[in-house]
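> Any chance you can model this:
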Amino acid sequence: MIGHGPRELPFADRVPQLVPLLGDPEAIPDLGEPRDPAGLVDAALAHGVGLALALAAESERVRLPATERRRLVRAVALRLARSRALRGELDAVAQVLADSCRLAPICVKGPALADRLYEDPDLRTFGDLDLIVPRARL
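Predicted structure coming up:
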């Protein structure tokens, strides 16, 4: 993955190509063959929509070279496993924070977005849990 600064959106130039992947996987339009398949795969993985891209590739709504398709599938499998493992720990971690801070933490991004905005929460993978508690209570 190409690095980015703290206030820069990674792969900002690719975001318009990712937008059709959001929402119902059955409604993804035919995206054809991307000019830079490796860049599209990198962007999809960076923005947590790799599974949506993999599903689009599987249904031939986007045509990726075999090497990029394999790389995408491998990365998605790992990210999906990690997301599911983190989701499995979320309640326990949140409870420890709630007990120690005497206030329930707020979960942002990752599973919070997946549960609220995606028909299938697995379509939004994540690599960590972002839980917020007031600094004074830590």
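
> if you count residues, which helix in the protein comes out on top?
helix 66-101 (DSSP state H).

> which residues does V62 contact?
I28, D30, L31, G32, E33, P34, L40, L53, A56 (CB atoms under 8 Å, 6 or more residues apart in numbering). C-beta coordinates here come from the backbone N, C-alpha and C atoms, glycine included.

> Quick check on it: phi, psi?
Main-chain dihedrals, V62, degrees, to the nearest 10: phi -140, psi 140.

> OK, contacts around the residue nearest the centre of the chain?
Against the mean C-alpha coordinate of the chain, by CA atoms, centre = their mean, the closest residue is G48 at 1.9 Å. Contact partners of G48, counting by CB under 8 Å, 6+ apart, are R79, R124, T125, F126.

> tell me the two of those that are most distant?
R79 and R124 (10.2 Å; CB to CB).

> Look at the two and report which has more neighbours.
R124 (23 against 17; other CB atoms under 10 Å).

> Return the residues in contact with that one.
Neighbour list for R124: G48, V49, G110, L113, A114, L117, Y118 [criterion: CB under 8 Å, 6+ apart].

> The fourth one - how many residues pack around it?
Taking other CB under 10 Å as the neighbour definition, L113 ends up with a count of 16.

> which other helices and strands contact the helix or strand containing it?
Using DSSP states H and E, L113 falls within helix 110-117. If contacts are counted by 3 or more CB pairs under 8 Å, 6 or more residues apart in numbering; DSSP states H and E, helix 110-117 sits against helix 66-101.

> Need the residues that contact the helix or strand that the helix it packs on is followed by.
Downstream of helix 66-101, the next assigned helix or strand under DSSP H and E is strand 106-108. The contact list for strand 106-108, computed with CB under 8 Å, 6+ apart, reads L90, A94, L129, D130, L131, I132, V133.

> Right, I'll call it a day here.
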